[in-house]
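Peer 1: coords please:
(one chain, ligands or ions: 2)
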Amino acid sequence: MQIATRTRTYDVCIVGSGAGGGMAAKVLAEAGAEVVLLEAGASWDVQKDGKMFAWNYDSPRRGAGHRGRPFGEFDGCIGGWDIEGEPYTVAEGEKFRWFRARMLGGRTNHWGRISLRFGPWDFKARSRDGLGDDWPISYDDVKPYYDKLDEMVGLFGTNEGLPNDPDGIFMPPPKPRCYELLVKKACDELGVRCIPSRMSMITKPLNGRAACHYCGQCGRGCSTHSNFSTPSVLLPPALKTGKLKIVTGAMAREVLTDAEGLATGVSYIDTATGGEETVRAKVVVLAASACESARLLLNSRSVRHPVGLANSSGTVGRYLTDTPGTSISGFVPALANGIPHNEDGIGGLHLYMPWWLDNRKLDFPRGYHFEFGGGRHMPGYGFLGGIHKLNGGGYGKALKDDYRKHYGGFVGFAARGEMIPNKDSWCEIDPEVVDRWGIPVLRFHWKWSDYETKQMRHAHVAAREIIEKMGGKVLTPMPTEEQGFGIQTGGEIIHEAGTTRMGDGPRTSVLNKYCQAHDAKNVFVVDAGPFVGNAHKNATWTILALSLRTGEYIAEERRKGNL
Ligand SMILES: Cc1cc2nc3c(=O)[nH]c(=O)nc-3n(C[C@H](O)[C@H](O)[C@H](O)COP(=O)(O)OP(=O)(O)OC[C@H]3O[C@@H](n4cnc5c(N)ncnc54)[C@H](O)[C@@H]3O)c2cc1C
Ligand code: SF4
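Peer 2: Residues are numbered from 1 along each chain as shown. Ligands and ions are numbered 1, 2, ... in the order given. Predicted structure coming up:
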């Protein structure tokens, strides 16, 4: 096969343009580095390509999702659980699902934008309860970067002074909607803390981006750039420097190294031609998402790195975690037959429930938070499916009346917990399967432990109490122990982390505290791979803060001549 080599040597090659890659590109280009960013997916311009204002009823599919858009026909994220020609495998008898985006900006084009900081206890959890491991950094090390991130990207929320859900630099939150006020009332009566959510939609103009106008369609992408995605917020200023070159349709195959074991660049497949190319760089930053970056390292074998690059500890692919999650829904008569009223807001929650209990008094470690939804969304395919369970079925006018009655009468709670890394959850290269580019694929191993399933049992009981306190009827049957108390399949909450974890030394970790490979000083990982723990606070705000920190570290090391 002919391999085309780009003659130029860049200062930095970044693989992946999602949260981690977008932030690294911005920081490094603004610091003066010549950066090339390889992205496997196609280019994406939300103003041209997004479908923010489309009506479901204008489409014969009525907005239904499909293989390449599982969250809906007009969703902002191209990718899915099942990408044609890019399989992965799962060990026999086990279950794991892997969601991947394939587009400029990666999953940041759809993510829920729940933007939570990890707290001081999360970075030192082992010291508190003896489980998992402590991070080699503390909250105080990351706080300045969370602060910068808040100001750079913008998010709303309120400062509450909670010990492990740190305050931030927030814009004012939107007002709660009717169903949210009813949930909060029930929570207040039950002693469940319910506070304004923390989300990266801006409620005031910021750096030329308009304030949110509350169309509620964040999942489709925002043509006014009022919510966070990499192409809306991070790539434009990076491109403005003239220092960033973006190569889309570039599926990285492996990191290339020299006789010393240091990275010299990246080889990739041009997905338009199927041809292989290489790009040279002095520093390689992997941001292809936690599992993809592990796959790249494991596929980068050489004499100096016989079991994969940065893998002398054997921990690449290990300590894989996701967020334990489960859902509980209910019908609340007080919300039924509602008169139309103003439900303006962001596409997501205005309130949420951070973990509110002292888990030392409970039968599981750590904790979870509740996200919840309800209200009158734009009807689409599958709208009010299963109504027969409430009204016994029907036809014609009576059925239409029942739809009107129930529209807006439901609330749904999603618990998001914390998994303790375990030895049975990891990924490796499948020795027998390659993708359509001939690149060996990942094989996953997965097991939840009692720690996580007990969190979910507690969440089911707590959500039931809230729904019943609202005078509602719980629609989700109480799951049994055999059903893992309703815990979703590993990977389904789409918060994979920990496959290239950071640590104090090369025997037990892949990276140092700056996300720099112990075994090759010019290789960095800036997605969720470096996470030592996966607190119940959704991962992305921490990915962004750590990538910002690593970007500044690389810039400083380059200035000192160390890279
Ligand atoms: C429906 C949904 C809701 C979510 N909600 C939230 C939320 O509310 N809060 C939260 O914190 N997180 C949420 N997440 C998770 C969030 O999207 C991810 O944590 C975040 O995007 C991860 O950033 P990343 O840079 O690691 O990876 P990604 O954003 O996935 O970006 C990786 C990029 O790398 C590219 N790539 C992969 N392999 C290669 C390769 N070999 N060569 C070149 N390019 C490659 C991909 O095409 C992709 O563009 C959600 C995700 C989804 C899908
Ligand atoms: S709700 Fe706001 S942030 Fe979301 S898509 Fe609409 S305008 Fe943009």
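Peer 1: buried residues in the helix or strand containing F444?
Peer 2: F444 is located in strand 440-445, with elements delineated by DSSP states H and E. For strand 440-445, the buried set under the neighbour-count rule, 16 or more other CB atoms under 10 Å, comprises P440, V441, L442, R443, F444, H445. For every residue, glycine as well, the C-beta is placed using N, CA and C.
Peer 1: what does the average pLDDT come to for it?
Peer 2: The average pLDDT within strand 440-445 is 98.
Peer 1: got the contact list for the helix or strand just after it?
Peer 2: Per DSSP H and E, the first helix or strand lying C-terminal to strand 440-445 is helix 450-469. For helix 450-469, contacts defined as CB atoms under 8 Å, 6 or more residues apart in numbering pick out 131, 183, 186-187, 189-190, 192, 324-326, 328, 330, 332, 362-368, 370, 411, 413, 415, 417-420, 473-474, 476, 478-479, 481, 484-487.
Peer 1: ChimeraX command for the buried members of those?
Peer 2: Per 16+ other CB under 10 Å, the buried members of the contacts of helix 450-469 correspond to this ChimeraX selection:
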select :131,183,186,187,192,324,325,326,328,330,332,364,365,366,367,368,370,411,413,415,417,418,419,420,474,476,479,484,485,486,487
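Peer 1: return the subset of the contacts of helix 450-469 lying in helices.
Peer 2: Within those, residues falling in helices by DSSP state H are V183, A186, C187, E189, L190.
Peer 1: which stretches of the stretch 1-150 of the chain form strands?
Peer 2: 3-15, 35-39, 79-80, 89-90, 100-101 (DSSP state E, counting those that start in this stretch).
Peer 1: quick one: mean pLDDT over the third one.
Peer 2: The predicted model assigns strand 79-80 a mean pLDDT of 94.
Peer 1: ends of stretch 494-501, what's the gap?
Peer 2: Across stretch 494-501, the terminal residues are separated by 18 Å (CA to CA, to the nearest Å).
Peer 1: how far does it sit from its chain's centre?
Peer 2: 10 Å (CA atoms, centre = their mean, to the nearest Å).
Peer 1: report the mean confidence score over it.
Peer 2: The average pLDDT within stretch 494-501 is 98.
Peer 1: residues making contact with it?
Peer 2: 98-99, 107, 133, 286, 289-291, 293-294, 297, 310, 315-323, 421, 426-427, 509-511, 525, 528-534, 538-539.
Peer 1: circling back to that earlier point, is ligand 1 contacted by the strand holding F444?
Peer 2: No - judged by CB under 6 Å from any ligand atom, strand 440-445 stays clear of ligand 1, getting no closer than 11.0 Å.
Peer 1: which of the contacts of stretch 494-501 fall in helices?
Peer 2: A290, C291, S293, A294, L297.
Peer 1: tell me the contacts of the fourth one?
Peer 2: With contacts defined as CB under 8 Å, 6+ apart, the neighbours of A294 are V316, G317, C427, L442, T499, T500, G529.
Peer 1: now with 7 Å?
Peer 2: Contact analysis of A294 by CB atoms under 7 Å, 6 or more residues apart in numbering lists V316, G317, C427, T499, T500, G529.
Peer 1: then N538?
Peer 2: Neighbouring residues of N538 by CB under 7 Å, 6+ apart: I114, L116, R416, H495.
Peer 1: where does the last one fall, secondary structure wise?
Peer 2: What it means is H495. Counting by DSSP H and E, H495 is found in no helix or strand.
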